[in-house]
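Peer 1: need a structure here:
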Amino acid sequence: MRAGVFSARRRVSPTPATAAEVRALTQRLALGTAQFGLAYGLNNHAGQPTPAAVAEVLAAAQAAGLTLLDTAAAYGDSETRLGELAGKNSAFDLITKVAAGPPAQVTQHLAESLARLRRPRVYGVLFHAFGPLQAAPAAWQALQAARASGQVQRIGVSLYHPHEAEWLLAQNWDIDLVQVPYSVLDQRFAAVLPRLAARGVEVHVRSAFLQGLLLREPATLPEFFLPLAPKLTQLRALAAAANIPLPAALLLFAAGAPGVARAVIGVDSVANLHENLAAAAYAAAAETLRPTLTALAETTDTFILPYAWPPRP
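Peer 2: Predicted coordinates for the structure are as follows:
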């Protein structure tokens, strides 16, 4: 959970997560870094964290057992800021994202990302969007070459729609990493994720809180989102009845979905990080809640695709 996203009073777990429970959860998470380089999120009013705050978050993440950072060339100066902290993040594997295009251009963009990150190699590289890759499929050759040369271990693409995953499966490309949105409201990928995993594709999910929308008090929703108020009210009631803090229920729903290897979380302070990791104490209870939360899936794209939302005032 990110700062400024959820201002209601939080319940404290009567039995804090054990070190083993936290470690188990951290192996299912990746730390997103969009907020290190951008003022990111529907309810973000604090802007980017300072370099010192970023360093503190990375130190706390490492101490907790997180091993993977997710970034992108398009995330403002996120890559550069991570590179400047190279000595402090050397224990992490990295995933970054580049734009698809002619193979030589992709190779150049990857080289520039590695230079900003001050790394000779990274764990994963994704194309930032599916459309440009489908329009220029030769771009895939550049990532294949990077994998063959040892610059990257896993290659793939960030997806926004299930039909994109279906296309990739039909093409039988040698993709071994994808990232998709997934949350209580946005379950569009639920059917295809286990199939991807069965092909050996490592599946990462993002937007467990739907950029903070799922953590908003229903009474404070902007007018555009008012039709969601009944579902968000029901979501809060279900989590409360199960004695699970709402952020924990949302995070565990995404991280534990069938076929999912990791959920990407975004934080901008150590306190935010610890709030996310506290969800580990509720892992078993959250699984019992999964069938009920599954029924809250939104059936239209209107409210679950952030690029379709009106601009923030």
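Peer 1: low-confidence ranges in the stretch 101-250 of the chain?
Peer 2: Within the stretch 101-250 of the chain, not a single segment meets pLDDT under 70.
Peer 1: quick one, helices of it?
Peer 2: Along the stretch 101-250 of the chain, counting by DSSP state H, counting those that start in this stretch, helices occupy 103-117, 130-135, 139-149, 162-171, 193-198, 229-241, 246-255.
Peer 1: just those: most buried one?
Peer 2: Of all those, helix 246-255 has the most neighbours on average by mean count of other CB atoms under 10 Å, namely a mean of 25. Just so you know, the C-beta spots here come from the backbone N, C-alpha and C atoms, and that holds for glycine as well.
Peer 1: would you mind pulling up the elements that that helix packs against?
Peer 2: helix 229-241, strand 262-266, helix 270-277, helix 283-294 (3 or more CB pairs under 8 Å, 6 or more residues apart in numbering; DSSP states H and E).
Peer 1: out of everything not next to it in sequence, what's closest to Pro227?
Peer 2: Distances taken as CB to CB, 6 or more residues apart in numbering place Phe303 nearest to Pro227, at 7.3 Å, with adjacent residues excluded.
Peer 1: including distance to Ala55, could the helices of the stretch 101-250 of the chain go into JSON lines?
Peer 2: What follows is those, written out as JSON lines (distance: least, CB to CB, whole Å):
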{"stretch": "helix 103-117", "distance to Ala55": "16"}
{"stretch": "helix 130-135", "distance to Ala55": "34"}
{"stretch": "helix 139-149", "distance to Ala55": "29"}
{"stretch": "helix 162-171", "distance to Ala55": "36"}
{"stretch": "helix 193-198", "distance to Ala55": "34"}
{"stretch": "helix 229-241", "distance to Ala55": "33"}
{"stretch": "helix 246-255", "distance to Ala55": "24"}
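Peer 1: looking at these, which is closest to Ala219?
Peer 2: helix 229-241 (7.9 Å; CB to CB).
Peer 1: please name every helix or strand in contact with the closest one.
Peer 2: helix 246-255, helix 283-294.
Peer 1: what's the last one in contact with?
Peer 2: For helix 283-294, the external contacting residues (CB atoms under 8 Å, 6 or more residues apart in numbering) are 21, 24-25, 184, 187, 190, 235, 238-239, 242-244, 248-249, 252-253, 256, 279.
Peer 1: again with the first one
Peer 2: The contact list for helix 246-255, computed with CB under 8 Å, 6+ apart, reads 1, 6, 10, 25, 28-29, 182-184, 205, 208-209, 214-215, 235-236, 238-240, 242, 260, 262-263, 265, 275-276, 278-279, 281-283, 286-287, 289-290, 293.
Peer 1: quick one: contacts for the residue nearest to Pro227?
Peer 2: With CB under 8 Å, 6+ apart, Phe303 has these contacts: Leu185, Leu213, Phe225, Pro227, Leu228, Trp309.
Peer 1: do you know how far it is from Asp186?
Peer 2: In this view, Phe303 and Asp186 are 9 Å apart by CB to CB, to the nearest Å.
Peer 1: next one: Ala242
Peer 2: Distance from Ala242 to Asp186, by CB to CB: 21 Å.
Peer 1: with neighbour numbers in mind, choose between those two.
Peer 2: Higher neighbour count among Ala242 and Asp186: Asp186, with 23 against 16, using other CB atoms under 10 Å.
Peer 1: surely that one touches Glu298?
Peer 2: Yes: the pair Asp186 / Glu298 is scored as a contact, 6.6 Å apart, by CB atoms under 8 Å.
Peer 1: shared neighbours, those two?
Peer 2: Going by CB under 8 Å, 6+ apart, residues that sit against Asp186 and also against Glu298 are Ile304.
Peer 1: how about the strands of the stretch 1-150 of the chain, start to end?
Peer 2: Per DSSP state E, counting those that start in this stretch, the stretch 1-150 of the chain carries strands over the ranges 29-32, 68-70, 93-98, 122-127.
Peer 1: out of the ones you listed, deepest packed?
Peer 2: strand 29-32 (a mean of 26).
Peer 1: and for that strand, what's in contact with it?
Peer 2: Strand 29-32 is contacted from outside by 57, 61, 66, 68-71, 92, 95, 204, 206, 255, 262-267, 273, 276, using CB under 8 Å, 6+ apart.
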